[in-house]
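Colleague: give me the fold of what follows.
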Amino acid sequence: MVSIVFVHGTGVREPSYNRLVAQVTANLRELVPQLRILPCLWGDSHGAKLNARGASLPPEALPETSAAEPVPESIKAAGWAALEADPFIELRLLAKFALSRRYSPVPQTAIARARAEVGDMDGTLFAELLSEHGLAPVDMDRARDIALQGLGRCLPEEAPVDRDELQLALARLIAVSIVGQADARWDVIGAAVDGDTLDALVAAILESWGAPRGELGLGATLAKPLTLPLTRGFEYGASQFLRGRRLKHTEHSAPMIGDILRYQVRGEGVREAVAEAVDSADGPVVVLAHSLGGVACVDLLASCNLKDKVTALVTVGSQAPFFYELDALWSLPYGKGLPQTFPAWWNVYDPRDPLAYVGKDVFGGDRVTDVEFHTGRSLLSAHSAYWDHKPFYSWLAEEVLG
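Modeller: Residues are numbered from 1 along each chain as shown. Just a heads-up that it's a prediction; the model follows:
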């Protein structure tokens, strides 16, 4: 009789693992009544945890010292985040508030003057300031075009907007767009720019338009209705929420990310737990492994000869092919093939699972068979939906266990 050793993935602890085992057992027993499922709970013994109860967290992140009241720096950061997500948000708010004003526009509107000021901007005049922060005149030239686009898209020519408010909104739009353009030129890390640099860009732009140099940044005009919606944005609310609860949320999320990090440096305990579970079976074994558990099982079977015991490996939503392609798989440097003692390997994935990878083109189609399922879930939900997907169990019973 074939047994299944069920190896879980990241973040799973008891009693969640017991619930998963019960779910897998119930689904498979309908198809293979005599099947024996052997547990392999490694998370509690070899998974990650905050050993010092979060002592590595900054003091302000701990509950007893977290800020309960809004602070200007947090509000400014939230405002910049809102502009990064939608550079035209302040222009749209200006248009909204302009509709509520009851006075008539002057013959030469603020918008016409602003369009001329923005259109005449020359990025080379700001070259020294830009280069000091890894930016370039071409970034400002493109940001200028974005600002002109925003003026045309968001504000009617005769909208009765306040000139000072419009200048400040446009200066911030251009500043955040400069950084956005630089991000596109750089690699994944983007432009290394802080809030002080954004303020300096805003000041330089306003000065070029003849505006007085004063207190700048998104926290400077909090009394005005224009900026209030920015302080209620997602990042501000989220950051205030998380700062006071960071320890709790770190404890909750540490197993998911921490298990991966800990496995990379101290994975022997996980592999030994799988080997012991395999050894406890009386007959042949099929190893069924999810997510990081699949990585551990590939490492084990690639480094130990268990061909007399393990007849097949089924990885589900696993990152083993990705780790191998990155040359980050513990057992095999990239380019070195799987040993001949490695068992038949089926690698199950859902194309919508962002944590699942395929192995055929990195390990070779003769060493691993990729099997595609569509669980009907999206993104991270798909990563655990395999265990409720009837077609997966039917395939497993017929193709692997049959």
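Colleague: what are the boundaries of the strands in the stretch 301-402 of the chain?
Modeller: Counting by DSSP state E, counting those that start in this stretch, one finds strands in the stretch 301-402 of the chain at the ranges 310-316, 344-349, 369-372.
Colleague: if you could redo that for the stretch 151-300 of the chain, that was the one I meant.
Modeller: Under DSSP E, counting those that start in this stretch, the stretch 151-300 of the chain gives strands at 285-290.
Colleague: how about stretch 321-335: buried residues?
Modeller: Neighbour counts over stretch 321-335 (16 or more other CB atoms under 10 Å) mark 321-325, 329-332 as buried. For the C-beta atoms, the positions are set from N, CA and C on the backbone; glycine is no exception.
Colleague: wait, I meant stretch 34-50
Modeller: Quick answer for stretch 34-50 (16+ other CB under 10 Å): 35, 37-43, 46-48.
Colleague: could I get the average pLDDT for it?
Modeller: Across stretch 34-50, the average pLDDT comes to 92.
Colleague: straight-line length of that stretch, end to end?
Modeller: Between the opening and closing residues of stretch 34-50 there is a gap of 41 Å (CA to CA, to the nearest Å).
Colleague: Arg115 - that's part of a helix, no?
Modeller: Yes - per DSSP: H, G, I helix; E, B strand; the rest coil, Arg115 lies within a helix segment.
Colleague: which residues does it contact?
Modeller: Taking CB atoms under 8 Å, 6 or more residues apart in numbering, we find Arg115 in contact with 148, 151.
Colleague: one more pass at 6 Å, please.
Modeller: Leu151 (CB atoms under 6 Å, 6 or more residues apart in numbering).
Colleague: per-residue confidence at it?
Modeller: Reported pLDDT for Arg115: 91.
Colleague: again, but for the one 10 residues further on
Modeller: We note a pLDDT of 91 for Leu125 in this prediction.
Colleague: do the same with Ala61
Modeller: With respect to pLDDT, Ala61 has a value of 52.
Colleague: swap in Ser253?
Modeller: pLDDT at Ser253 comes out at 67.
Colleague: tell me the contacts of the nearest residue to Cys154 once chain neighbours are set aside?
Modeller: Nearest-residue entry for Cys154: Leu91, 3.9 Å, with adjacent residues in sequence omitted and distances by CB to CB, 6 or more residues apart in numbering. Leu91 is in contact with 150, 154-155, 169, counting by CB under 6 Å, 6+ apart.
Colleague: deepest-packed of the strands of the stretch 301-402 of the chain, please.
Modeller: strand 310-316 (a mean of 25; mean count of other CB atoms under 10 Å).
Colleague: which element is Leu38 on?
Modeller: strand 36-40 (DSSP states H and E).
Colleague: so how far is the helix or strand following that strand off the chain centroid?
Modeller: Remark: after strand 36-40, the chain's next helix or strand is helix 43-46, criterion DSSP H and E. Computed by CA atoms, centre = their mean, to the nearest Å, the chain-centroid distance of helix 43-46 equals 25 Å.
Colleague: go on, stretch 377-393?
Modeller: 20 Å.
Colleague: can you check stretch 296-303 too?
Modeller: Mean-position distance between stretch 296-303 and its chain equals 28 Å (CA atoms, centre = their mean).
Colleague: any figure for the gap between the residue nearest to Phe322 when sequence neighbours are not counted and Phe342?
Modeller: Closest residue to Phe322 apart from its sequence neighbours, by CB to CB, 6+ apart: Tyr357 at 4.3 Å. Computed with CB to CB, to the nearest Å, the distance linking Tyr357 and Phe342 is 18 Å.
Colleague: again, but for Trp80
Modeller: Distance of Trp80 to Phe342, given as CB to CB: 51 Å.
Colleague: what does Gly134 give?
Modeller: From Gly134 across to Phe342, the span is 48 Å (CB to CB).
Colleague: look at these two and report which has more neighbours.
Modeller: A side-by-side neighbour count of Gly134 and Phe342, using other CB atoms under 10 Å, places Phe342 first with 21 against 15.
Colleague: these two touch, right, Gly293 and Val7?
Modeller: Yes - with contact defined as CB atoms under 6 Å, Gly293 reaches Val7; the gap is 3.7 Å.
Colleague: where does this structure have low pLDDT?
Modeller: Scanning the chain for pLDDT under 70 picks out 54, 57-78, 100-108, 187-190, 212-253.
Colleague: so which of the buried residues of stretch 321-335 comes closest to Val193?
Modeller: Phe322 (31.0 Å; CB to CB).
Colleague: isn't that closest one up against Leu355?
Modeller: No - using CB under 6 Å as the test, Phe322 is too far from Leu355 to be in contact (8.9 Å).
Colleague: quick one: stretch 6-16 to chain centroid distance?
Modeller: The answer for stretch 6-16 is 22 Å, by CA atoms, centre = their mean.
Colleague: buried ones in it?
Modeller: For stretch 6-16, burial by neighbour count (16+ other CB under 10 Å) applies to 6-12.
Colleague: Glu399: which of the residues you listed is nearest?
Modeller: Relative to Glu399, and with distances defined as CB to CB, the nearest of those is Phe6, at 17.5 Å.
Colleague: before we move on, what SS does that closest one have?
Modeller: Following three-state DSSP, the label given to Phe6 is strand.
Colleague: what's the nearest residue to it if we skip its chain neighbours?
Modeller: Using CB to CB, 6+ apart and skipping residues adjacent in sequence, the residue nearest Phe6 is Leu288, 5.2 Å away.
Colleague: partner residues bridging that neighbour?
Modeller: Applying DSSP bridges to Leu288 gives these bridge partners: Phe6, Val314.
Colleague: residues in contact with it?
Modeller: Shown in contact with Leu288 (CB under 6 Å, 6+ apart): 4, 6, 314.
Colleague: what number of residues lie near the first one?
Modeller: Meaning Ile4. Other residues near Ile4 number 23, with proximity taken as other CB under 10 Å.
Colleague: mind checking how far it is from Ala289?
Modeller: 10 Å.
Colleague: measure stretch 298-317 end to end?
Modeller: By CA to CA, the extent of stretch 298-317 from end to end equals 13 Å.
Colleague: show residues contacting it.
Modeller: With CB under 6 Å, 6+ apart as the test, stretch 298-317 has contacts from 271, 274, 278, 284-291, 294, 297, 320, 330-332, 338, 341-348, 353, 355-356, 383, 386, 400.
Colleague: repeat for stretch 177-195
Modeller: 87, 133-135, 139-140, 142-143, 146.
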